[in-house]
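A.B. asks: Got a predicted model here, sequence first, then my questions.
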Amino acid sequence: MAELRIAVVGGGIGGLAAAAFLARAGLACTVYEQAAALGEVGAGLVASPNLVRLLRRLGVLPEFLARAVAIDVGWEFRRWADGGVLSAENLAEACERLYGERTYTVHRADLLSVVQAAVPPAAIRLGAKCVGVEAADDGAVLSFADGTTTTADVVIGADGVHSTVRGALLGPSPATFSGLCAFRALVPAADAPAFALRNAHTLWLGPDHHLVHYPISAGKLVNIVAFAPAGEDVVESWSATASHAQFAAEFEGWDPRLRELIAAAGTPGRWALLDRAPLARWSHGPVTLLGDAAHPMFPFFAQGAAQAVEDAAALAVCLATDATDPARALRRYESARRERTARLQTVSHERAHLNHLPDGPGQQARDAALSGQDPLAANAWIYGHDAELVP
Ligand SMILES: Cc1cc2nc3c(=O)[nH]c(=O)nc-3n(C[C@H](O)[C@H](O)[C@H](O)COP(=O)(O)OP(=O)(O)OC[C@H]3O[C@@H](n4cnc5c(N)ncnc54)[C@H](O)[C@@H]3O)c2cc1C
């Protein structure tokens with residue numbers, strides 16, 4: 001049987017994870033990445049057990065552990081005015097006992113290079129911007145900005161939230177403006193207040209705003225991401241910036257420890273959060289989507305990258321076990337993944353409202369609910385999931 005020609009569009013965390021899991025399953029692919037070099041814009045992310053167990057299977061855990069921070073306390077919700085702790089998860093011993101892995105924080109660029117280590121270097125084509133995908137008798141034809149084309153038996157669109165492959169497959173699927181924007185900043189550990197250096201993932205909740213911080217890069221940096229009303233700003237870009245004064249003004253009057261952390265930050269990045277509803281379908285014939293191209297989600301459950309890697313693991317299982325009928329394999333992949341990712345899109349969406357309640361009865365009910373639950377057990381459906389067990 002001839003080898004399947006598999007094209008992955010996009011060399012972000014999802015696209016590289018797809019190439020890594022396909023290689024592990026004995027399937028070759030080519031990753032087409034538009035950028036001239038692989039890299040991730042600077043910010044951190046939380047790597048939950050459902051992601052970490054997949055990194056372990058790729059054989060890259062030692063490299064990951066050398067760059068990540070093992071988190072002892074996570075989802076530590078604090079009150080904006082005085083830092084009172086509303087709820088916290090034990091992410092050390094209890095997390096490992098329940099889910100077989102701990103939770104870590106990591107710089108996105110580090111996670112990308114760790115996943116890249118499991119991809120054969122010859123599989124990656126840089127400077128290859130895909131501009132179109134069309135069905136053909138023997139698969140699909142990809143066209144690139146430099147005028148070249150290539151034919152593949154399977155096309156995986158892992159090209160992010162503004163996916164060209166999704167546009168080619170489903171037509172325009174416009175986003176709505178969420179009304180929220182995010183500030184992000186990195187603070188060198190030497191400049192950060194001591195409370196921000198704990199191995200903790202902390203979220204401060206207040207009226208119309210919340211702010212998240214945790215150490216990354218083996219403790220050398222503190223990552224901050226903060227959410228606020230966006231005003232007129234509707235640019236969804238990782239490279240846009242705001243002034244430090246704008247950032248600080250959003251958190252005027254908050255707990256002095258938090259203000260001290262903000263004061264230590266340099267010029268923050270700022271971008272608008274756009275909102276997209278779950279897709280009813282994302283595989284058609286030999287073409288499918290993966291990661292943010294299929295199911296972009298608000299970052300409030302910290303699951304976007306984890307879901308992209310889960311997609312990659314499930315997709316490799318489906319293609320490896322049904323290589324003679326790739327379209328059927330892609331439909332199986334989609335049905336294994338759609339409900340779970342749609343649920344995460346929905347709960348992440350709902351948390352925007354909950355995190356930003358003004359002080360009053362609604363906020364008091366939220367805080368009581370937070371303190372009354374066992375958050376680690378409540379998230380079993382997220383952390384306990386094994387993406388390679390495809391029905
Ligand atoms: C503030 C914030 C915090 C987050 N925190 C977390 C967290 O704690 N935990 C977590 O798991 N997730 C988190 N996420 C989500 C996570 O970062 C994303 O879901 C994840 O990076 C998506 O990966 P992807 O590979 O699908 O897409 P992307 O990372 O967007 O990669 C897409 C790639 O495709 C390339 N590309 C695009 N178009 C083309 C084209 N036409 N041709 C060729 N190449 C193309 C791009 O250059 C890029 O390299 C967070 C996101 C945000 C915004």
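C.D. replies: Sure thing, it's come through.
A.B. asks: For the helix or strand harbouring Leu16, enumerate the helices and strands it packs against.
C.D. replies: Using DSSP states H and E, Leu16 sits within helix 13-24. For helix 13-24, the elements it packs on are strand 6-9, strand 30-32, helix 49-58, helix 108-116, helix 304-321, judged by 3 or more CB pairs under 8 Å, 6 or more residues apart in numbering; DSSP states H and E. Every residue, glycine included, has its C-beta placed from N, CA and C.
A.B. asks: Give me every residue in the stretch 101-250 of the chain that's in contact range of the ligand.
C.D. replies: Applying CB under 6 Å from any ligand atom, one finds that the stretch 101-250 of the chain approaches the ligand through Lys129, Cys130, Ala158, Asp159, Gly160, Val161, Thr164, Ala182, Val225.
A.B. asks: Assign the fifth one to helix, strand or coil.
C.D. replies: Put simply, Gly160 is coil when judged by DSSP: H, G, I helix; E, B strand; the rest coil.
A.B. asks: Hmm, Leu289 and it touching each other?
C.D. replies: No - between Gly160 and Leu289 there is no contact under CB atoms under 8 Å: 10.3 Å.
A.B. asks: who has more neighbours, these two?
C.D. replies: The neighbour comparison of Gly160 against Leu289 (other CB atoms under 10 Å) goes to Leu289, with 30 against 21.
A.B. asks: Please name the residues that touch Gly231.
C.D. replies: Counting by CB atoms under 8 Å, 6 or more residues apart in numbering, Gly231 makes contact with Cys181.
A.B. asks: Now it: phi and psi?
C.D. replies: Dihedral angles of Gly231 (phi, psi; degrees, to the nearest 10) stand at phi 60, psi -130.
A.B. asks: how much space between it and Asp275?
C.D. replies: The gap separating Gly231 from Asp275 is 16 Å, by CB to CB, to the nearest Å.
A.B. asks: Now do the phi/psi pair for the closest residue to Ala92 other than its chain neighbours.
C.D. replies: Distances taken as CB to CB, 6 or more residues apart in numbering put Asp72 closest to Ala92, at 4.6 Å, once the chain neighbours are dropped. Asp72 has phi and psi values of phi -90, psi -40 when expressed as degrees, to the nearest 10.
A.B. asks: Spit out the contact partners of Asp72.
C.D. replies: Contact analysis of Asp72 by CB under 8 Å, 6+ apart lists Asn90, Leu91, Ala92, Arg198, Asn199, Ala200.
A.B. asks: mind checking pLDDT for it?
C.D. replies: pLDDT recorded at Asp72 is 96.
A.B. asks: All the strands of the stretch 101-250 of the chain, residue numbers only.
C.D. replies: Applying DSSP state E, counting those that start in this stretch to the stretch 101-250 of the chain gives strands spanning 104-107, 124-125, 130-136, 139-144, 149-152, 154-157, 176-188, 200-206, 209-216, 221-229.
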